[in-house]
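> Need a 3D model of the following:
(2 chains)
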Amino acid sequence: MKGRLIALWLAVGLPLAWGVMKTLANAAKLFR
Amino acid sequence: MPESFLDRASTVAPPDYERFSVPPAALAVHLSIGQVYAFSTFNLPLTKLIGIHHSAPGDWKLTDVGWTFSIAIVMLGLSAAVFGRWVERAGPRKSMFTAAVCFGGGFIVAAVGIHFHWLSLLYLGYGVLGGCGLGIGYISPVSTLIKWFPDRPGMATGIAIMGFGGGALIAAPLSLKLIEHFRTAVSNGVVETFVTMGVIYFMFMMIGVYSVRVPAADWRPPGWVAPVKPRPLVTEASVAVDAAWRTPQFWLLWGVLCMNVTAGIGVLGQASPMIQEIFSGRVTPAAAAGFVGLLSLFNMGGRFVWAAVSDYLGRRRTYTVFFGLGILLYSAVPSLGHLGSISLFVAAFAVILSMYGGGFATIPAYLRDIFGTMHVGAIHGRLLTAWSVAGLLGPVLVNYIREYQIGGGVPKAQAYSVTMYIMCALLLIGLLCNLGMRPVDQKFHFRAAKLPA
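Here you go, the predicted model:
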């Protein structure tokens, strides 16, 4: 059960983290 | 796939099921359908299908392509309102599957339309079919999450609706990467990108379809006891969807959502030109794009944070903060522009956009408090028509007032001041609607021997 739970959170969390990192990199231009 | 797999009865969780598996199932759907906010990344490529590198005679115009997004958003509100009852009846798995077929299929139909250069098929595929996927997908996990988290309904629905805000953060760079990957000398890669995204999103939404479960009728969180003392503005009764929309409470909440969204959506759509014009010569287009990205992050983060906070603060107080603080911040924006403080300007809009997202994410829990859990998904679906109205009203207000001001000789940097004060007036209407909220009259309460699980 725990493994399934972790896998589920990773499946949705990793793409979201990738999108957030890309957006943050873009947002950093505002303060350069 | 046997039909029984999709039925509500097949999704009842075993006793040892971990309830924190449900939010990622909801997120899989909302992160996918949140792609709609990044549709603008296709706008320019769709106007260069014939010319490849530039718009050629016969290519679609930007205004023609722009309608695709508007149709999708209108269909989101309409389909959520029309199919809300079916979603409640069919259960989350069947409705998530339907949403995946509509949304993924919408991309494929639109790809055919792009390939043959039939604009109407693009509208029909992404706008109508995809829009139905948006509406059904948006409301499909709401009542399930509320039933799994009776102790923290705001936090639970906040996680899902945060995904709708976060979807664009994934879709925008993904679309650009795919277009780049598929671009050749004879194709700008949009058709292939649409097909790929249709398949990816269908499969990603299937994570939600396979993993979602509904709790057994008598299930309660371990160690949790329903509050004995009645809490103000939190009902233990239930109101059926057909009775709910006849109550004043429904229309007050409709006003709350509409005003909160109108104020935020107009600014979100104009954020890039607004910061460049107010701080003329100091903010480049690239930095303005960074500002838009930052607002999207706060829009997403606010959905989770504010909805979770509302579990402790109470729903009415949370919206009072949205409207009260919103009025203060909007009225301060013109002064911040005159002061020339970019940091304070960005900070003010970051908080404003967090409350815009928070308004979306807290409304399901507010509906649960006022109307009970029985038809909360369907009632939420009908309330989303406020979003459709706000989607038209917000941008129109910001754009037309700005044009009128500039036409009257007001410098571009100051053309947004009146807009900000009008946003304050809209928020004041929202505040009054929120403060007028009272418990639903008992004559609207659902009375039956047994409520459906």
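
> Contacts for stretch B:319-330, please.
B:256, B:259-260, B:263, B:306, B:313, B:348, B:351-352, B:355, B:358-359, B:362, B:366, B:420-421, B:423-424, B:427-428, B:430-431, B:434-435 (CB atoms under 8 Å, 6 or more residues apart in numbering or on different chains). Where you see a C-beta, it was placed from the backbone N, CA and C, and this is true even at glycine.

> Report the buried members of these.
Among the contacts of stretch B:319-330, those classed as buried by 16 or more other CB atoms under 10 Å in any protein chain shown are B:256, B:259-260, B:263, B:306, B:313, B:348, B:351-352, B:355, B:358-359, B:362, B:366, B:420, B:423-424, B:427, B:430-431, B:434.

> Can you pick out the ones from the residues you listed that are in strands?
If you go by DSSP state E, those have nothing in strands.

> can whichever strand or helix holds B:Cys102 be found next to chain A?
Element membership for B:Cys102, per DSSP states H and E: helix B:92-115. No: using CB under 8 Å from any CB of the partner chain, helix B:92-115 stays clear of chain A, with a minimum separation of 13.6 Å.

> List the buried residues of stretch B:389-401.
So for stretch B:389-401, counting by 16+ other CB under 10 Å, buried means B:Val389, B:Ala390, B:Gly391, B:Leu393, B:Gly394, B:Pro395, B:Leu397, B:Val398, B:Ile401.

> And those residues, which is closest to chain A?
B:Val398 (20.8 Å; CB to the nearest CB).

> Name the nearest residue to residue 30, sequence neighbours excluded.
Since no chain was named, I'll use chain A. Residue nearest to A:Leu30 in three dimensions, not counting chain neighbours: B:Gly290, with 3.8 Å by CB to CB, 6 or more residues apart in numbering or on different chains.

> Can you look at chain B instead?
B:Gly163 (3.1 Å).

> averaged over its residues, what pLDDT does the helix or strand encompassing that neighbour have?
Under the criterion of DSSP H and E, B:Gly163 resides in helix B:153-182. In this model, helix B:153-182 has a mean pLDDT of 94.

> swap in stretch B:300-314?
On average, stretch B:300-314 scores 96.

> For the nearest residue to B:Pro364 once chain neighbours are set aside, the count of nearby residues, please.
Distance criterion CB to CB, 6+ apart; nearest residue to B:Pro364, sequence neighbours excluded, is B:Thr157 at 4.2 Å. The local packing of B:Thr157 (other CB atoms under 10 Å in any protein chain shown) involves 35 other residues.

> ok, now which ones touch B:Thr157?
With CB under 8 Å, 6+ apart, B:Thr157 has these contacts: B:Val142, B:Leu145, B:Ile146, B:Ala307, B:Ala361, B:Pro364, B:Ala365.

> Please apply the same query to B:Pro15.
Contacts of B:Pro15 by CB under 8 Å, 6+ apart are B:Ala216.

> Buried ones in the helix or strand harbouring B:Arg85, by neighbour count?
Per DSSP H and E: B:Arg85 is located in helix B:62-90. Within helix B:62-90, the residues scored as buried using 16+ other CB under 10 Å are B:65, B:68-81, B:83-85, B:87-88, B:90.

> residues in contact with the closest residue in space to B:Ala307 that isn't next to it in sequence?
Distances taken as CB to CB, 6+ apart place B:Gly158 nearest to B:Ala307, at 2.7 Å, with adjacent residues excluded. With contact taken as CB under 8 Å, 6+ apart, B:Gly158 is in contact with B:Arg303, B:Phe304, B:Val305, B:Trp306, B:Ala307, B:Ala308, B:Ala361, B:Thr362.

> from those, which is closest to chain A?
Out of those, the member with the shortest distance to chain A (by CB to the nearest CB) is B:Phe304, at 11.4 Å.

> by how many degrees do the helix holding B:Cys102 and helix B:62-90 diverge?
160 degrees (axes from the mean of the first three to the mean of the last three CA atoms, to 10 degrees).

> who are the neighbours of the helix or strand just after helix B:92-115, in terms of helices and strands?
Going down the chain from helix B:92-115, the next helix or strand is helix B:119-122, by DSSP H and E. Contacts defined by 3 or more CB pairs under 8 Å, 6 or more residues apart in numbering or on different chains; DSSP states H and E place helix B:119-122 against helix B:62-90, helix B:92-115.

> Okay then, goodbye and thanks.
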